[in-house]
Each structure stands twice: as C-alpha cells, then as structure tokens.
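Q: The sequence and its predicted three-dimensional model are supplied below.
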Amino acid sequence: MNAWIASLLAEPSLLRMGHLQRAADANLGLGWIYYALGRALRPTTAVVVGSWRGFVPLILGKALADNVESGTVWFVDPSLADDFWTDPGDVDRHFRRFGVDNVRHLRMTTQEFVTSDAYAALPPPGLVFIDGLHTAEQAAFDWEAFAPRLAPGAVVCFHDSRSEKTSPMYGPDRAYRCSVGTFLATLRARPDLQVFDLPLGPGLTLVRRHP
C-alpha cells in the first residue's frame, strides 16, 4: 500500500484540488477517509461526480478492489475544465497506470447521466462522492439524482463543503462562487438525515439516512 501511495503522489496533478495530500510522507490526507469508507462500507458500486485528475476515483477504485467483494466506481465527469477526460483510451490508461481497472468513466454531466441508459442500469450505490460544479443548485441536483437510489446504509460525501471562494476552474469568463454549504444547510434541517462536517481544508461533509 505504501508503494502504491508513493507512486500516486509522485504525480504532481494528483496533489492538487484540496484533499490535503502530501508527497513528503506519502500522506493521502482526506484520501484516508475515502479509502476507509470504501473498505468499511464495502460497496459493490460507488459513484464519483467530478474529479480534476482522478484522485478520488483512484482511491475508491483501489479500496473496492482490495475488498473481497470487489466493486465498480462509476465516474461521472463531462471534462468541461479541459480535455483530460475526453479520450476513452487515455482515460483507461490513466487509471491502469496506477493499477486501477474498475473505474467506469461516463463523459456526461449529472443532468445528462440521469437521462441515460447507464443511469437506468446503475446498481444501488453504497457510496457517492459529489465534487462537480460547486454551486448550491448543482449540489442539490446531484443529491436528488442519487438519494432515491442509495443502497441501505450508504454514505454521500460532499467535497468543498465549507469553501466560499470564487472558482476559476472553467476559466475567467466562467468563474463562479462556491456555495455547496448553502445547500447542505437544508440537509441539516432534515430529521431523517445524519450530517457530519469535517472542517479540514475546503471541507468534507458526510450524509446518510438515519437507520
């Protein structure tokens, strides 16, 4: 595992995007939590919405592969920031470079995904990681897309849950204000949900239904 982490964090692009990774001591930062959730929940299906260079899909893919049950990561990203996720062969090679071959990439927005045959065929996910467009409106759409389909005991993670900065991710002419926390305030008010905040870096919030 240590050698795998070292190889992952030797890639500069996988040290970015606020997961508190650090190459000097092979530290996954918040990635330890993602890996632990994948191992402890043992989902056969996980969903990741958005990723700069695949840090979270890689971590969850590794976690699910390390389980006896194995499993698949459904990675939904339309590649709007740049063209990194546009070529299926390049995407496959990127994940296999780190020994991960259980990530299924869908080059779509969540809005496109929910109207697709792939969405209709999606097994109930036991873990969902939401890290796409960081607006309250999109966070709400992502939640509503997957909440009705969750497996029992599933956990939904929202990244950048305490960030209120202006994001230039899609270029200066498409900069927007991060407001995921505004949407999460509505989930905290619901008595049927448990909501747990980790105020580390840009924030991570875990949501699950009350058992």
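A: Arrived safely.
Q: any idea which helix or strand comes after the helix or strand of the chain with the lowest mean pLDDT?
A: Ranked by mean pLDDT, DSSP states H and E, the helix or strand of the chain with the weakest confidence is strand 166-167, at a mean of 72. Sequence-wise, the next helix or strand downstream of strand 166-167 (DSSP states H and E) is strand 176-177.
Q: Give the pairing partners of that next one; include direction for each.
A: Strand 176-177 sits in its sheet next to strand 166-167 (antiparallel), going by DSSP bridges.
Q: Look at Val47 and tell me its secondary structure.
A: strand (DSSP: H, G, I helix; E, B strand; the rest coil).
Q: Surely it touches Ala145?
A: No: the pair Val47 / Ala145 is not scored as a contact, 9.1 Å apart, by CB atoms under 8 Å. Backbone N, C-alpha and C define where each C-beta goes, glycine included.
Q: who has more neighbours, the two?
A: Val47 (30 against 20; other CB atoms under 10 Å).
Q: Show me which parts of stretch 10-29 are buried, residue by residue.
A: 11, 14-15, 17-19, 21, 26, 28-29 (16 or more other CB atoms under 10 Å).
Q: ok, the nearest residue to Cys157 once chain neighbours are set aside to Ala6 distance?
A: Spatial nearest neighbour of Cys157, excluding adjacent residues (CB to CB, 6 or more residues apart in numbering): Phe129 at 4.7 Å. Going from Phe129 to Ala6 by CB to CB, to the nearest Å gives 23 Å.
Q: between the two, which one's more packed in?
A: Neighbour totals were compared for Phe129 and Ala6, and Phe129 leads with 28 against 12 (other CB under 10 Å).
Q: What strand or helix carries the more buried one?
A: strand 127-130.
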